[in-house]
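Undergrad: Next one to model:
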Amino acid sequence: MRKVIAAINMTINGNCDHRIGIVDEELHSHYTNLLSEADDILYGRITFQLMEYWRGILQNPTGNKSEDNFAVTIDQINKIVFSNSLKNVDWKTARLSNLSLEEEINELKKNSGKNILIGSRSLIIQALKLNLIDEFQLCIHPIIADKGLQLFENWEEQKTLKLKQTKTFESGAIILSYDTKSR
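TA: Residues are numbered from 1 along each chain as shown. Sure thing, here's the model as predicted:
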């Protein structure tokens, strides 16, 4: 069965903002691999619009292999966007969902295939409340930031996770992978 993996970058003080972090070849390679192990990624409007940056890299490659490879991989994955304000999306591998998050994930899980990723803070919180996440991949950057939203802001219950794996990057960033279903 397909796993639902919530993957997000954050600072050591818990702030999430895709514009904050140490983005280098190692990190791009990690996320390129993560995307290649999935068929779908779910985004909210804001994160989706930030990710549209990579369309420009496809048209004008940077010459940096890890960035250019990431751009190709993010272009190829199915992007499912949840938005109340967008009326359409013009990225050929993106579509607006007309289902609730729970309905969309349940429909995706009915199909065979690779993993399902969630890449937006708001969707991660919703999916966690619905007990739909199988694994967290939290990339914690060695940064204390004054901007960004707290990943688990207003979370009001206890949930115990099981550490599956850690991965440390030369930059000092670390990926903590947690299983949400084993405890």
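Undergrad: so how far does stretch 142-161 reach from one end to the other?
TA: The first and last residues of stretch 142-161 sit 22 Å apart, counting by CA to CA, to the nearest Å.
Undergrad: Flag every buried residue along it.
TA: By neighbour count, and taking 16 or more other CB atoms under 10 Å as the criterion, the buried residues in stretch 142-161 are Ile143, Ala145, Gly148, Leu151, Leu161. From N, CA and C alone the C-beta is placed, and that goes for glycine too.
Undergrad: Angles on the backbone of the most centrally placed residue in the chain, please.
TA: Relative to the mean C-alpha position of the chain, the nearest C-alpha, by CA atoms, centre = their mean, is the one of Gly119, at 2.3 Å. Here is the backbone geometry of Gly119 (degrees, to the nearest 10): phi -120, psi 10.
Undergrad: per-residue confidence for it?
TA: Among the per-residue scores, Gly119 shows a pLDDT of 96.
Undergrad: Contacts for the lowest-mean-pLDDT helix or strand in the chain next, please.
TA: For the chain, counting by mean pLDDT, DSSP states H and E, strand 149-150 ranks last in confidence among helices and strands (a mean of 87). For strand 149-150, contacts defined as CB atoms under 8 Å, 6 or more residues apart in numbering pick out Gly14, Asn15, Cys16, Asp17, Arg121.
Undergrad: Kindly write the PyMOL command that selects the buried subset of those residues.
TA: The command below creates a PyMOL selection of those among those that count as buried (16+ other CB under 10 Å):
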select buried, resi 14+15+16+121
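Undergrad: what mean pLDDT does whichever strand or helix holds Leu42 have?
TA: Per DSSP states H and E, Leu42 falls inside strand 38-44. Averaging pLDDT along strand 38-44 yields 98.
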